[in-house]
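Chemist: coordinates for the following, if possible.
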Amino acid sequence: MFGNFGNIMEMMGKINSFKDKFTGLKDELENETFTTTSADGTVKITMSKLATIKDIELAEGMEKEQIEDMLVMTLNKALEQVKTEAIAKAKKTAQDNLPSIPGMPF
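Modeler: Numbers count the residues shown, from 1 in each chain. Prediction:
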């Protein structure tokens, strides 16, 4: 009568563990930083792997329009890196911690 209750409790424990792992992943991504530099080297952006901008360095003598263009391109480059790495780490965390569920993409 209560044979499946143990399985449900085990599954709930795994789900709570999974939640803890993702909280840890969030903290890890917020604390890890990287720097992206524009193609011409005039702009450097340092951000966390959770997309928090930590620092922006601009070369001296840049014009307003050049600054704007370089910031947009360099920020987009950095954000693409954030997305790629965060998705990869989230998938790995899910694969390592969730039970195999038919139809799930990981």
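
Chemist: show me the contacts for the nearest residue to Thr35 once chain neighbours are set aside.
Modeler: Among residues not flanking Thr35 along the chain, Thr46 sits closest, at 4.5 Å (Cβ to Cβ, 6 or more residues apart in numbering). To be clear about C-beta, it is placed using only N, CA and C from the backbone, and glycine gets the same treatment. By Cβ atoms under 8 Å, 6 or more residues apart in numbering, the residues touching Thr46 are Thr33, Phe34, Thr35, Ile53, Lys54, Asp55, Ile56.

Chemist: mind picking the one among the residues you listed that's closest to Gln95?
Modeler: Phe34 (23.7 Å; Cβ to Cβ).

Chemist: quick revisit: which ones among the contacts of Thr46 lie within strands?
Modeler: Thr33, Phe34, Thr35, Ile53, Lys54, Asp55, Ile56 (DSSP state E).

Chemist: max pairwise distance over the residues you listed: which two?
Modeler: Across these, the longest distance by Cβ to Cβ is 13.7 Å; it joins Phe34 and Ile56.

Chemist: what segments of this protein are strands?
Modeler: According to DSSP E, the strands that the chain contains are 33-37, 43-48, 53-58.

Chemist: now do the second one against strand 33-37, angle only.
Modeler: Think strand 43-48. Interaxial angle of strand 43-48 relative to strand 33-37 (axes from the mean of the first three to the mean of the last three Cα atoms, to 10 degrees): 160 degrees.

Chemist: in strand 43-48, which residues are buried?
Modeler: Judged by neighbour count using 16 or more other Cβ atoms under 10 Å, the buried positions of strand 43-48 are Val43, Lys44, Ile45, Met47, Ser48.

Chemist: of all those, which comes closest to Val82?
Modeler: Comparing every one of the buried residues of strand 43-48 with Val82 (Cβ to Cβ), the shortest separation belongs to Met47, at 7.0 Å.
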